[in-house]
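Participant: return atomic coordinates for the entry below.
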Amino acid sequence: MSRIGKAIIHIPAGVKVAVKGQNIQVEGPLGKLSTQVHDLIKIKQEGATISFERPDDLKFSRAIHGTTRALVANMVEGVTKGFEKNLEIVGVGYRVEQKGKDLNLVLGFSHPVIFKAPEGVTLKAVDPLKVNIKGIDKQKVGQAAAEIRKYRRPEPYKGKGIKYAGEIVRRKQGKKTGK
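Facilitator: The predicted structure is shown next:
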């Protein structure tokens, strides 16, 4: 049996979970999220816990079992604590500025790049070289961070670009001088 899928989700105080057919709606102090569960998965809500069961041991059933449990667990965590990603900008002349809810990125192009904040995601330029991304939906927060990083991925020779906080960029030696 799937180790992730068989784990029980404990619902903390202050979080309401409503199960209507295959639709799960989670509401907490930070907001409200909902998702549609695959028809193969059976949802069991008992008091302050939720568990999931699958009908058979086929590969797809096992995969969707663990995925469903992880999605609902992330929803519960999102409405209680929220999710956060931090980005760092490395490079001479590279910087970021806050423009309302959006970000103005200066990344060495002939024009500034304006990144519009997606629905449910908060973008904040902590200082000219750091960006903070917060939200209750883990997928939206991660996607926003990936889209910002895509403008200038860290390159391996000088390490310039946008990287996740704590990410280690493997550096290459570059050309060697002749004899």
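Participant: how about the residue nearest the centre of the chain, secondary structure?
Facilitator: A centroid search over the chain (CA atoms, centre = their mean) returns Gly142, at 2.8 Å, as the residue closest to the centre. Per DSSP: H, G, I helix; E, B strand; the rest coil, the secondary structure class of Gly142 is helix.
Participant: ignoring the adjacent residues along the chain, who's closest to it?
Facilitator: Nearest non-adjacent residue to Gly142, counting by CB to CB, 6 or more residues apart in numbering: Lys85, 6.6 Å away. (Glycine included, C-beta is placed from N, CA and C.)
Participant: so what's that neighbour bridging to?
Facilitator: In this structure, Lys85 has the following beta-bridge partners (DSSP bridges): Ile133.
Participant: so it touches Ile162, yeah?
Facilitator: No. Judged on CB atoms under 8 Å, Lys85 makes no contact with Ile162 at a distance of 11.6 Å.
Participant: show me where pLDDT drops low in this structure?
Facilitator: Residue ranges of the chain with pLDDT under 70: 1-2, 178-179.
Participant: can you give me the helices in it?
Facilitator: Under the criterion DSSP state H, the chain contains helices at 3-6, 59-80, 138-150.
Participant: what residues are up against Ile64?
Facilitator: For Ile64, the set of contacting residues under the criterion of CB atoms under 8 Å, 6 or more residues apart in numbering consists of 38, 40-41, 54.
Participant: I figured Gln25 hits Val17, correct?
Facilitator: Yes. Contact criterion CB under 8 Å: Gln25 and Val17 qualify, at 7.3 Å.
Participant: can you map out the strands along the chain?
Facilitator: 9-10, 16-20, 23-27, 32-36, 42-46, 49-53, 83-90, 95-99, 102-106, 113-115, 121-127, 130-135, 161-164 (DSSP state E).
Participant: fine, thanks again, bye for now.
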